[in-house]
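S.K.: sequence and predicted structure, then a few things I'm wondering about:
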Amino acid sequence: GWSGIGPIMYLLEYAIGLAPNAPRNELVWRLGPGGRRGCERFRFAGKVVSLAAAPLSAGDPRMRITVTADSPFTLRVERDGRAHAFEIRAGSQELTVP
């Protein structure tokens, strides 16, 4: 039933850090410290997006982000008090966040 919605929303919004903004066609991803994280087939504003973030290498503070989307949107990554905006197009692409 409906009782699973709350825990799933909490996981996506606070543990993974995804916050969609449909009117602005934007997805905000607040990346905290730690290792690999992401979400497969995340739906927002009529789009389906898969995201994965992982450190570039051991000891490297930069993150490699892989995004697969079925239509364009803006991805805003917030990390360590800084925000980086990326225009995502349909298909797959890799990004590096300092």
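M.R.: It's in.
S.K.: for the rest of this, base every contact and every neighbour count on C-alpha atoms.
M.R.: Fine.
S.K.: show me the residue sitting in the middle of this structure in space.
M.R.: residue 29 (4.4 Å; C-alpha atoms, centre = their mean).
S.K.: give me phi/psi at it?
M.R.: Backbone torsions of residue 29, given as degrees, to the nearest 10, read phi -120, psi 110.
S.K.: my guess is it contacts residue 15, does it?
M.R.: No - Residue 29 lies out of contact with residue 15 (C-alpha atoms under 8 Å); the separation is 10.8 Å.
S.K.: quick revisit: partner residues bridging the residue nearest to the centre of the chain?
M.R.: residue 18, residue 77 (DSSP bridges).
S.K.: same question for residue 42.
M.R.: Under the criterion used (DSSP bridges), residue 42 bridges to residue 49.
S.K.: gap between it and residue 20?
M.R.: Relative to residue 20, residue 42 is positioned 10 Å away (C-alpha to C-alpha, to the nearest Å).
S.K.: comparing those two, which residue is more hemmed in?
M.R.: residue 20 (18 against 15; other C-alpha atoms under 10 Å).
S.K.: pretty sure the more buried one belongs to a strand, no?
M.R.: Yes - under DSSP: H, G, I helix; E, B strand; the rest coil, residue 20 sits within a strand.
S.K.: next, the residue lying closest to it once chain neighbours are set aside: phi, psi?
M.R.: Distance criterion C-alpha to C-alpha, 6 or more residues apart in numbering; nearest residue to residue 20, sequence neighbours excluded, is residue 27 at 4.4 Å. Main-chain dihedrals, residue 27, degrees, to the nearest 10: phi -120, psi 120.
S.K.: OK, contacts around residue 27?
M.R.: Each residue near residue 27 by C-alpha atoms under 8 Å, 6 or more residues apart in numbering is listed here: 18, 19, 20, 21, 73, 74, 75, 76.
S.K.: what's the neighbour count on the first one?
M.R.: Counted with other C-alpha under 10 Å, the burial measure for residue 18 works out to 23 neighbours.
S.K.: which residues touch it?
M.R.: 12, 27, 28, 29, 30.
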